[in-house]
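Colleague: Whatever this is, show me its structure:
(6 chains, ligands or ions: 12)
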Protein chains: 6
Amino acid sequence: DFLAAIEETTPLFGVAEEELGKRLLGGIIHYSPHIDAILKEGQLYINQVRKPGSTPLLSVALHGPPGSGKTALAAKMAIDSDFPFIKFVTPEDMVGFSEMQKVQQLDKIFRDAYKSPLSVIVIDNIELLVDWVPIGPRFSNTVLVALKVLLGKQPPKDRKLIIFATTTARSVLTQLDLFSRFDAEIAVPNVNEQQELAHILQHSGAFSEQDQDRAIREIQDITGSREVGVGIKRILTSIETAKQDSDLAGRFAMVLSRDIAANRSDYS
Amino acid sequence: DFLAAIEETTPLFGVAEEELGKRLLGGIIHYSPHIDAILKEGQLYINQVRKPGSTPLLSVALHGPPGSGKTALAAKMAIDSDFPFIKFVTPEDMVGFSEMQKVQQLDKIFRDAYKSPLSVIVIDNIELLVDWVPIGPRFSNTVLVALKVLLGKQPPKDRKLIIFATTTARSVLTQLDLFSRFDAEIAVPNVNEQQELAHILQHSGAFSEQDQDRAIREIQDITGSREVGVGIKRILTSIETAKQDSDLAGRFAMVLSRDIAANRSDYS
Amino acid sequence: DFLAAIEETTPLFGVAEEELGKRLLGGIIHYSPHIDAILKEGQLYINQVRKPGSTPLLSVALHGPPGSGKTALAAKMAIDSDFPFIKFVTPEDMVGFSEMQKVQQLDKIFRDAYKSPLSVIVIDNIELLVDWVPIGPRFSNTVLVALKVLLGKQPPKDRKLIIFATTTARSVLTQLDLFSRFDAEIAVPNVNEQQELAHILQHSGAFSEQDQDRAIREIQDITGSREVGVGIKRILTSIETAKQDSDLAGRFAMVLSRDIAANRSDYS
Amino acid sequence: DFLAAIEETTPLFGVAEEELGKRLLGGIIHYSPHIDAILKEGQLYINQVRKPGSTPLLSVALHGPPGSGKTALAAKMAIDSDFPFIKFVTPEDMVGFSEMQKVQQLDKIFRDAYKSPLSVIVIDNIELLVDWVPIGPRFSNTVLVALKVLLGKQPPKDRKLIIFATTTARSVLTQLDLFSRFDAEIAVPNVNEQQELAHILQHSGAFSEQDQDRAIREIQDITGSREVGVGIKRILTSIETAKQDSDLAGRFAMVLSRDIAANRSDYS
Amino acid sequence: DFLAAIEETTPLFGVAEEELGKRLLGGIIHYSPHIDAILKEGQLYINQVRKPGSTPLLSVALHGPPGSGKTALAAKMAIDSDFPFIKFVTPEDMVGFSEMQKVQQLDKIFRDAYKSPLSVIVIDNIELLVDWVPIGPRFSNTVLVALKVLLGKQPPKDRKLIIFATTTARSVLTQLDLFSRFDAEIAVPNVNEQQELAHILQHSGAFSEQDQDRAIREIQDITGSREVGVGIKRILTSIETAKQDSDLAGRFAMVLSRDIAANRSDYS
Amino acid sequence: DFLAAIEETTPLFGVAEEELGKRLLGGIIHYSPHIDAILKEGQLYINQVRKPGSTPLLSVALHGPPGSGKTALAAKMAIDSDFPFIKFVTPEDMVGFSEMQKVQQLDKIFRDAYKSPLSVIVIDNIELLVDWVPIGPRFSNTVLVALKVLLGKQPPKDRKLIIFATTTARSVLTQLDLFSRFDAEIAVPNVNEQQELAHILQHSGAFSEQDQDRAIREIQDITGSREVGVGIKRILTSIETAKQDSDLAGRFAMVLSRDIAANRSDYS
Ligand SMILES: Nc1ncnc2c1ncn2[C@@H]1O[C@H](COP(=O)(O)OP(=O)(O)OP(=O)(O)O)[C@@H](O)[C@H]1O
Ligand SMILES: Nc1ncnc2c1ncn2[C@@H]1O[C@H](COP(=O)(O)OP(=O)(O)OP(=O)(O)O)[C@@H](O)[C@H]1O
Ligand SMILES: Nc1ncnc2c1ncn2[C@@H]1O[C@H](COP(=O)(O)OP(=O)(O)OP(=O)(O)O)[C@@H](O)[C@H]1O
Ligand SMILES: Nc1ncnc2c1ncn2[C@@H]1O[C@H](COP(=O)(O)OP(=O)(O)OP(=O)(O)O)[C@@H](O)[C@H]1O
Ligand SMILES: Nc1ncnc2c1ncn2[C@@H]1O[C@H](COP(=O)(O)OP(=O)(O)OP(=O)(O)O)[C@@H](O)[C@H]1O
Ligand SMILES: Nc1ncnc2c1ncn2[C@@H]1O[C@H](COP(=O)(O)OP(=O)(O)OP(=O)(O)O)[C@@H](O)[C@H]1O
Ligand SMILES: [Mg+2]
Ligand SMILES: [Mg+2]
Ligand SMILES: [Mg+2]
Ligand SMILES: [Mg+2]
Ligand SMILES: [Mg+2]
Ligand SMILES: [Mg+2]
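Modeller: Numbers count the residues shown, from 1 in each chain, chains lettered A, B, ... in the order given. Ligands and ions are numbered 1, 2, ... in the order given. Take a look at the predicted model:
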């Protein structure tokens, strides 16, 4: 039944390695100094929590456009912490849960975390967890208030907790008065510069220097801008699609340009 | 009871041949090069998923006006994939389900799909699945968020999944922030050109060349436009109705013109 | 209990003769060529469905002002079909049902219909079935979406189904995006011409030619218009009331004029 | 329990004499020809239903300002019908019922009525039965639709039913599209003329001619108008209050004037 | 359990002396002729109900600003009636009740009252009983309609009932169409005149004539007005606070002025 | 189960020392005369309640910007009272509770308090307890009304109760008509003056006089204002973060300035 189902999907202690690993299959490509800066900032917060006598609770929001790499980066930070309790919380595991079941699940995860001296909780896609839908707007009040409360609830004595949350909807969280509950925020940018894109294409091993140049040039021609403006996730998928085509560079330019265009109309 | 009912209507593995076949009874008439292009694009996505090492999840939205052939084309793509697990999901099988039961049913179908190395899920009339009603507007938040989550949930290791969804309500899905969750979209157009209509009439075997010409001319006269603008579904039904009349061409023109007019007032 | 109650009011196969007959107690008076045209159109759709190899599903909406005869005409069409399964669905039999119970009842009726090779379902007052109330507006989303889905759900192989639905609220159904789900619509008009009214009075056998003339003249005087504009139902009731009075024509004119006036203020 | 409670408060057959009598304790004072006309109109409808072969269902709405005598007049009509089944339905007996319980109670009462050849149902304060509250506005959709359906549901063969409903909120019922479901309406007016008031004072036996004159004159002075504009219910209570005072006429004028003023500010 | 809990808090017959006494601990200070007039008016209504043959039901609303003494005055009237059944109904005893439980509790109390020949029911803070919240606005429809119905429901034969209700929210009750259900209203004013305040200070026994004068003068200085405008409840508490201070008059003036200011900003 | 869970987290009598102590780990730094004034005012109210014969119920609202020290100051007041029953109520302990469960929990806590001669209840973050969310706005009506009622409910004879509530949302509580239910309010300010900030830095023992000066100067430079405007909570955390850096003053200035900026955009 339901409770049993919760029980078995919840490793009381230990690290959610498989869950995190799955999110890191695409690796972390250091296509820009931003990436290093982001990872370093994550580490800094983790060290602050780790330090004896310091604040026992810290929450960090990773926000950015779709596919920009928020989940992978949060997973990387969590794994690199080496904390004994790491939990990955995602709406994917709560499909079909009632609002109350979600809240009870969250409460349970936090209670489990409080049992370890050092814990990380990653909350992925926090705007979906509160059932946010722009029409209305509608969302789960119950889950939202529970998150507000849990983000501010100090662990018991000798317990420390750091929370990383990812979201594409920073402004929504601000409206919901959820964003201000975080102690810190990290912005995860799109791939915006042509040389960043070049770095990624090169890293893929599939593009000759010439292909690379042609692809980037064609993208600039199609989109009419030197600015790239797309998440790394889409770039990696587009490389994969292009590889199936005889005209690698052309197909890549076509597919990615379509995504860039869609991004612009969605987010401007 | 309810769970038992779900169980018996859900073939855990295997292909929903009867369900798909029922949607293809009218065949696929190649009345325009668009049709071939659409089917080829579907095949391309299927091949991309099939390829070892590629992205394990792809979702494609087929959208177009009522009766334009979305369901038949999605069914054709699914059958042609030859994937070992093919599931056809339709609101018709969920009449009387609560929101929660719908979500649990969806969740179950996706879990089943994850058990096969290569799976296709066809979700028909996705706007009805979320109980969309324009007044209000109202819709099922619960089902909507579940679909958003499921469309982005990666299958487990060594499992691949392609999703085709059909809808007449692309703009609604966009408002609901559901459309952007799809990796690709395929537009299914109405029959718009007179020569496309001629092709279909000829294919029916019921119209002499003369009947054909007269029918098309009369439609142009009644509707006052060379543009046809109606789904193939209606054309096939109208042929059938016309066949019952002594004045084949006249009756056909009358019936179809009424549909064309209704279409215009509804969708402009 | 409830399920038992459903069971006993639902003849699994067979014809709802009593239900239909009750709606035809007032007979069908052929007061205008419209009536014949309406009945013929109904027959045409029934024949189309009956014909082997043709479309297995057809839905027809009869709409018109209150008391114009929609229910009687739909009942007549259904009876005249001679189909082996005829079901009359009315909100009257669902008083006190929850939304879910209504949907399950509807679903059951359709499932029963699919068991017969040729079926008719008459859905009376479809706007009340969806609990439509103009203030708000409010309605049952659940029942509405179920009707949309059922109106488009093809019967299984070798099964055919024609649906007649009646409503006073065509524009409401259009707003709810329910009206466009019907394959055809039949408008049932008020009695509008004085000679139509004369026909009905004559048919009643209670009015002398002189009474008839006086009544019609007085109505024109009171309402200030040659246009009658009232449903046949009210005319039949008013004749009955007038018969109780010594001044047959005068009382008839008075009573009916009041109804005509009320109609105008309600529907303009 | 609840069902048992319903059972015992529901005389399956028979006349709700006590319930009706309670509403007639103040008698019917014939203070104006209106009263006789109203009662006669009620009788007329009852006779029409009684007549063999006539329409088996008639519904009449009595509407008017608070305390104008609607309930007493409806009770009088019901009792005078001498029909074998008379039922008085009032929200007072449904305090604490859920919407569904109310609907089921209503449905039961109508079903009981259908068992008698001739039945009267009096529905008191129908706007409270649908839980109408002007703020929002709010009301019970479930009860409203049930009433609409029941008001139009024909009794079975050889059964006849007349329904009297009372309300202070004619415009509300119109907005809710409930008012048009009634076959006839009877307006119950306030006591508006000074001579009507004089009639009632005289009938009370407590006022000398002089007291009477003084009271009426003072009311005119205080309210600044010859129009009275108050329900008979309040007049009877005010007489009672005044009787306790040494200054009968003055106290009566004072108390009633206050009510008249309140009425005006409420209803204009 | 819940029912048991209701049972034990509900004295079936008898007088809620403790409940009423608690509300009268501060006594009734006759600081103004208004107080005597109010109490006399209450007595008058009670006598009217008591009188054999008179109206068996009377409801009186006591309304006024916060702390003006409504509850104490209603309690005083109830106790002074010497009726055999007196019940004090307050939201305080219904914390945690569902809407239905509240309604059932109210219904029970009224049924109990109907068992006694002469009953008083005091309903305290009636706007809280209907869960009124200005934002929205929101309130309990269920409780509101129940109160409307119960306020107009005549007791059975030989039973009489008078209802006193208190509220700070007369305009809210008017909007909710609840206020007009009362037969009479009594306005309970703030302490507005300086000499009324002087009376109360003198009655406290703590203020010398000089302190009194200084306090009043300082209040006039601070608030900038000769009008006092505060409830007696606050005056009594402020005296108590001031007594703890060496500077009796100064502290009293300071504390009370703050309240007066808050009152003005809240209620203007 | 749930009831058991409530039971064990609810010390029927006694002092919630651990709960309160946890909130005071950062101590109370007397960085400004305001702090002393606030604590003295709290003591004054406690003494008033303690005094025999005085008002048995007093409620005090502590409001101020996020992190300004409300919770710590309320905890301090509660502990310093030395009352035999002290209860700390926080939404953190009610995650996953339904509205009804929250209300029942609150009701239980108050009932427990009534059993002690002298009780303190601290209600932390009262706006979260009512599930306040600015979008909508939405909140729990049920909890809100329960709080209103409980704040005004006098303890039984010989029982006294003082309530301290904290909130960042004074204006919200005012809109909800909850704020006016408090007998008194205490404003808790941000650290606004540079010399207050200096006091706190000095108290930390980590800053040399020079560091201190530089930090304050840099903050003034970055934020462009002499006004500090941030809660002490953030200052203490920022000191801790800065301590991890070689450039103590610079890092402190940077981190705190960011918070100050965020505060300004949020609250202006
Ligand atoms: N520098 C990088 N940063 C982040 N991800 C990277 C980087 N380099 C490669 N990747 C890969 O890119 C993908 C980023 O996808 P990810 O799901 O983390 O994005 P997201 O922003 O969470 O997307 P969504 O908005 O859909 O949640 C991952 O597969 C990751 O392994
Ligand atoms: N080229 C074609 N493309 C699609 N359908 C075709 C084509 N040729 C013939 N058909 C037939 O036309 C009909 C199309 O109906 P279908 O139900 O697929 O349309 P739809 O767009 O899904 O309609 P709806 O908007 O009602 O869901 C089917 O019977 C199909 O067999
Ligand atoms: N030509 C006719 N068409 C329809 N009804 C007729 C005709 N002649 C006589 N009648 C009688 O008139 C009455 C029409 O009432 P019916 O209930 O069918 O109207 P309706 O439009 O369904 O009313 P409502 O709007 O209330 O549902 C029936 O009693 C029917 O027997
Ligand atoms: N001519 C009359 N018509 C109606 N009632 C009369 C008449 N003469 C005396 N009465 C008495 O007046 C009172 C009318 O009260 P009744 O409750 O019927 O009014 P109402 O309009 O239903 O009030 P409400 O609006 O509160 O429901 C009754 O006691 C009735 O006996
Ligand atoms: N003349 C008076 N009238 C009313 N109360 C008085 C009077 N003299 C003294 N009191 C005392 O003043 C207090 C009035 O408080 P009470 O609770 O009755 O006010 P209220 O208007 O009901 O307040 P709230 O608006 O909070 O419900 C009581 O303690 C009462 O004993
Ligand atoms: N003078 C002071 N006043 C209040 N808190 C102080 C003071 N000096 C030091 N502190 C410490 O500062 C911190 C204040 O945090 P606290 O949680 O009480 O703030 P808050 O206003 O309740 O925050 P929030 O708005 O998040 O509820 C506590 O750790 C407390 O020990
Ligand atoms: Mg992500
Ligand atoms: Mg389709
Ligand atoms: Mg009908
Ligand atoms: Mg009445
Ligand atoms: Mg009070
Ligand atoms: Mg706090």
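
Colleague: What ranges does chain A have for its helices?
Modeller: A:2-9, A:17-23, A:33-50, A:70-81, A:99-113, A:126-129, A:141-151, A:170-175, A:194-204, A:209-223, A:232-243, A:248-266 (DSSP state H).

Colleague: any chance of those helices in a markdown table, plus mean pLDDT?
Modeller: Converted to a markdown table, those look like this (pLDDT from 0 to 100):
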| stretch | mean pLDDT |
| --- | --- |
| helix A:2-9 | 45 |
| helix A:17-23 | 87 |
| helix A:33-50 | 94 |
| helix A:70-81 | 97 |
| helix A:99-113 | 96 |
| helix A:126-129 | 96 |
| helix A:141-151 | 96 |
| helix A:170-175 | 94 |
| helix A:194-204 | 97 |
| helix A:209-223 | 96 |
| helix A:232-243 | 90 |
| helix A:248-266 | 88 |
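
Colleague: so can I have CSV of these showing mean neighbour count?
Modeller: From N, CA and C alone the C-beta is placed, and that goes for glycine too. What follows is the helices of chain A, written out as CSV (neighbours: other CB atoms under 10 Å in any protein chain shown):
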stretch, mean neighbour count
helix A:2-9, 11
helix A:17-23, 16
helix A:33-50, 16
helix A:70-81, 22
helix A:99-113, 19
helix A:126-129, 25
helix A:141-151, 24
helix A:170-175, 16
helix A:194-204, 18
helix A:209-223, 17
helix A:232-243, 21
helix A:248-266, 19
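
Colleague: Which one of those helices lies nearest to D:M77?
Modeller: helix A:141-151 (51.4 Å; CB to CB).

Colleague: Output the contacting helices and strands for that closest one.
Modeller: helix A:99-113, helix A:126-129, helix F:126-129 (3 or more CB pairs under 8 Å, 6 or more residues apart in numbering or on different chains; DSSP states H and E).

Colleague: do that again at 7 Å, thanks
Modeller: Counting contacts by 3 or more CB pairs under 7 Å, 6 or more residues apart in numbering or on different chains; DSSP states H and E, helix A:141-151 packs against helix A:99-113, helix F:126-129.

Colleague: hmm, back to that, would you reformat the helices of chain A as TSV and include distance to D:P117?
Modeller: As requested, the helices of chain A are exported to TSV (distance: least, CB to CB, whole Å):
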stretch	distance to D:P117
helix A:2-9	56
helix A:17-23	74
helix A:33-50	84
helix A:70-81	74
helix A:99-113	54
helix A:126-129	63
helix A:141-151	56
helix A:170-175	65
helix A:194-204	87
helix A:209-223	82
helix A:232-243	77
helix A:248-266	69
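
Colleague: can stretch A:98-108 be found next to chain F?
Modeller: Yes. Counting by CB under 7 Å from any CB of the partner chain, contacts between stretch A:98-108 and chain F involve A:100, A:103-104, A:107.

Colleague: which other residues reach that stretch?
Modeller: Where contact means CB atoms under 7 Å, 6 or more residues apart in numbering or on different chains, the residues beyond stretch A:98-108 that reach it are A:6, A:10, A:94, A:97, A:140, A:142-143, A:146, A:150, F:95-96.

Colleague: Which of these sits closest to ligand 4?
Modeller: Of all the contacts of stretch A:98-108, the one with the least separation from ligand 4 (CB to the nearest ligand atom) is A:T142, at 42.5 Å.

Colleague: check contacts around the closest residue to chain C within the stretch 151-268 of chain A.
Modeller: Sorted by distance to chain C under CB to the nearest CB, the residues of the stretch 151-268 of chain A start with A:V172, at 25.1 Å. If a contact means CB under 7 Å, 6+ apart, then A:V172 has A:127, A:132 as its contacts.

Colleague: Would you mind measuring from it to A:M94?
Modeller: 19 Å (CB to CB, to the nearest Å).

Colleague: what does the stretch 151-268 of chain A put close to chain B?
Modeller: So the stretch 151-268 of chain A meets chain B at A:237, A:240-241, A:244, A:266 (CB under 7 Å from any CB).

Colleague: For these, work out which two are farthest apart.
Modeller: Farthest pair in these, by CB to CB: A:Q244 and A:D266, 26.3 Å.

Colleague: How many residues are close by A:D247?
Modeller: 12 (other CB atoms under 10 Å in any protein chain shown).

Colleague: For it, give its distance to B:K51.
Modeller: 17 Å.

Colleague: OK, contacts around the closest residue to A:K233 other than its chain neighbours?
Modeller: Closest residue in space to A:K233, ignoring its immediate chain neighbours: A:G67 at 3.3 Å, by CB to CB, 6 or more residues apart in numbering or on different chains. If you count contacts by CB under 7 Å, 6+ apart, A:G67 has them with A:231-234.
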